[in-house]
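Visitor: Here is a sequence with its predicted model. Questions after.
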Amino acid sequence: MYFEDIQYACKTGVAMIFNPELECMEEEARKKLQLASLKNLVEMLYERVPFYRKRMDGLRLKPRDIHSLKDIEKLPFTTKDDLRENYPRGLLAAPKDRIVEVHMSSGTTGKPVVDEYTQNDINIWREAMARTLAGGGCTKDDIVQNCYGYGLFTGGPGAHYGAMTIGAEVLPMSSGNTARQLMVLQDFGSTMLTCTPSYALYMAEEAADAGIDLKKLPLCKGCFGAEPWSENMRKEIESRYDMKAYDIYGLTEIIGPGVSFECEAQDGLHVNEDLFYPEIIDPDTGKVLADGEKGELVFTTLTKDGTPLLRYRTRDITFLVREPCHCGRTTVRMHRLFGRTDDMLIIRGVNVFPSQIEQALIEIEGTEPQYLIVVSRGETHLDEVELQVEVKKEFFSDETRDLEGLRSKIENIMKSKLQISVRVKLVEPKTIERSIGKAKRVVDNRKI
Ligand code: DLL
């Protein structure tokens, strides 16, 4: 079974673990390494970054107080607001002349968060992304069509560095210009795709319209991330392309993509934990939670030296799994994300994550995995949710009666799964705006 999986994951070569020494290390040896890195990091931050020195002084904490990995819990958290308040360069730990590259977050509100990389950091990123793409079956024989955006966004350059480190051939397409993407996909015989999952689906739709049979192409695997996507969306991508679709995770603040990734088992994302130390905390109390308990993901960058961060609160929600994985890697895995503490919509007092809506929706026959949640506050000052859902072409030409049946079916399912009433509006295929990068799923018109 195992070898069959690998064969399927990687028709063009042999799936590999990029760095078996570090990825398959014994737990005790890894802990030793992590502790040594943590001590170095705390010393460096205390010496070089006034922000951290002040925080630690406030807690009456000195670098010499860190004796064990558990002592990380004594250290202060870093939040997105801290990064914004120190924009653009307040958290720099290295001299400015050692910075060789800069990236910024794709957020639309407030100041962006900035990651400044020294050559050492770029090397870490190359390694982390090589492990990530190798997890998805990438070998030096692959042709990687990289449709993550290039520029300040970390997706394009991150995947590019990783593929080059493996020795694969990279097509640095960046996002957009779908007709050209499809032409190159066919003409160059790309074997691996890297982009957001929503863009992968959009490309599949465009291919179908252009009469291109994606299943006949050499493309057989892809690493998708940068936005929430469900298990069912994975199935949809896998079946439309006849490929294996792997989830990859990361964030600008920590390095970009390359923080964690799925292997052929597709059973949680392996964290590159010799580089990025994960914790799960209760978002309300800050208390560290046990493995298996769901909470906010926190990362400490153990080996970076441009803009290293202590206990950065990602706002992403997941839990950690330490059971061995059959791929042979011993690194801790994180469950694919459940949502974000700040994406959580509170609708009439009920907590709702867009991912729950997507999960429910995609199981309903006749709908496309394209939707938009519009929240508003009506005259009664109560929250109202309109869920716009695209319906498959065949359905739209059917009797109005069938459409009405589908609409009320979705409303009932949402009510029973989410405990809130949602007004469903069925829309024709391709009405909801497509994104070439991260998809926008929520419009919140409430002024709160
Ligand atoms: O999205 C880095 C990245 C690029 C990851 C390419 C994977 C592939 P940011 O723009 O800073 O960085 O956004 C980071 O995106 O905190 C998550 O909320 C979300 N995110 C990233 N990967 C996933 C994923 C990049 N696989 C924020 N599933 C993170 C769900 C994801 N959400």
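Guide: Thanks, I have it. Numbers count the residues shown, from 1 in each chain.

Visitor: close to the ligand, is the helix or strand harbouring D82?
Guide: Using DSSP states H and E, D82 falls within helix 80-85. No - judged by Cβ under 6 Å from any ligand atom, helix 80-85 makes no contact with the ligand; its nearest approach is 9.7 Å. Any C-beta I mention is one placed from the backbone N, CA and C, and that applies to glycine too.

Visitor: List the buried residues of the following helix or strand past that helix.
Guide: Remark: after helix 80-85, the chain's next helix or strand is strand 99-104, criterion DSSP H and E. By 16 or more other Cβ atoms under 10 Å, the buried positions in strand 99-104 come out as 99, 103-104.

Visitor: Contacts for the helix or strand following strand 99-104, please.
Guide: Next in sequence after strand 99-104, counting helices and strands by DSSP H and E, comes strand 114-118. Defining contact as Cβ atoms under 8 Å, 6 or more residues apart in numbering, one finds that strand 114-118 is touched by 83, 87-89, 92, 94, 98-105, 125, 154, 252-256, 304-307.

Visitor: what number of residues lie near A226?
Guide: For A226, the tally of surrounding residues (other Cβ atoms under 10 Å) stands at 26.

Visitor: Contacts only, for the nearest residue to it once chain neighbours are set aside.
Guide: Leaving aside its chain neighbours, A226 sits nearest to T196 (5.0 Å; criterion: Cβ to Cβ, 6 or more residues apart in numbering). With contact set as Cβ under 8 Å, 6+ apart, T196 has these partners: 148, 155, 175, 224-227, 435, 437-439.

Visitor: One more pass at 7 Å, please.
Guide: Shown in contact with T196 (Cβ atoms under 7 Å, 6 or more residues apart in numbering): 224, 226-227, 437-439.

Visitor: what would these look like in a markdown table with secondary structure, distance to R340 and pLDDT?
Guide: Converted to a markdown table, those look like this (DSSP: H, G, I helix; E, B strand; the rest coil; distance: Cβ to Cβ, whole Å; pLDDT from 0 to 100):
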| residue | secondary structure | distance to R340 | pLDDT |
| --- | --- | --- | --- |
| F224 | strand | 18 | 97 |
| A226 | coil | 13 | 92 |
| E227 | coil | 11 | 86 |
| G437 | coil | 17 | 85 |
| K438 | coil | 12 | 86 |
| A439 | coil | 14 | 86 |
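
Visitor: Against H103, how distant is E253?
Guide: 10 Å (Cβ to Cβ, to the nearest Å).

Visitor: swap that for L38, sorry
Guide: Taking Cβ to Cβ as the measure, L38 falls 24 Å from H103.

Visitor: ok, now A226?
Guide: Distance of A226 to H103, given as Cβ to Cβ: 13 Å.

Visitor: Count the neighbours of the closest residue to S68 other than its chain neighbours for me.
Guide: Spatially, and ignoring its direct neighbours in sequence, S68 is nearest to L35 (6.8 Å; Cβ to Cβ, 6+ apart). Look at L35: counted by other Cβ under 10 Å, it has 19 neighbours.

Visitor: my read: L35 touches K70, true?
Guide: No - L35 lies out of contact with K70 (Cβ atoms under 7 Å); the separation is 9.8 Å.

Visitor: Output the set of residues of the chain in proximity to the ligand.
Guide: By the rule Cβ under 6 Å from any ligand atom, the part of the chain lying against the ligand is 105-106, 148, 154-155, 225-228, 247-252, 256-257, 314, 316, 337, 340.

Visitor: Please repeat the previous calculation with a cut-off of 8 Å.
Guide: Selection of the chain residues close to the ligand by Cβ under 8 Å from any ligand atom yields 105-107, 113, 148, 153-155, 158-159, 194, 196, 223-229, 247-253, 256-257, 259, 269, 314-316, 336-337, 340, 343, 438.

Visitor: I appreciate the help and will end here.
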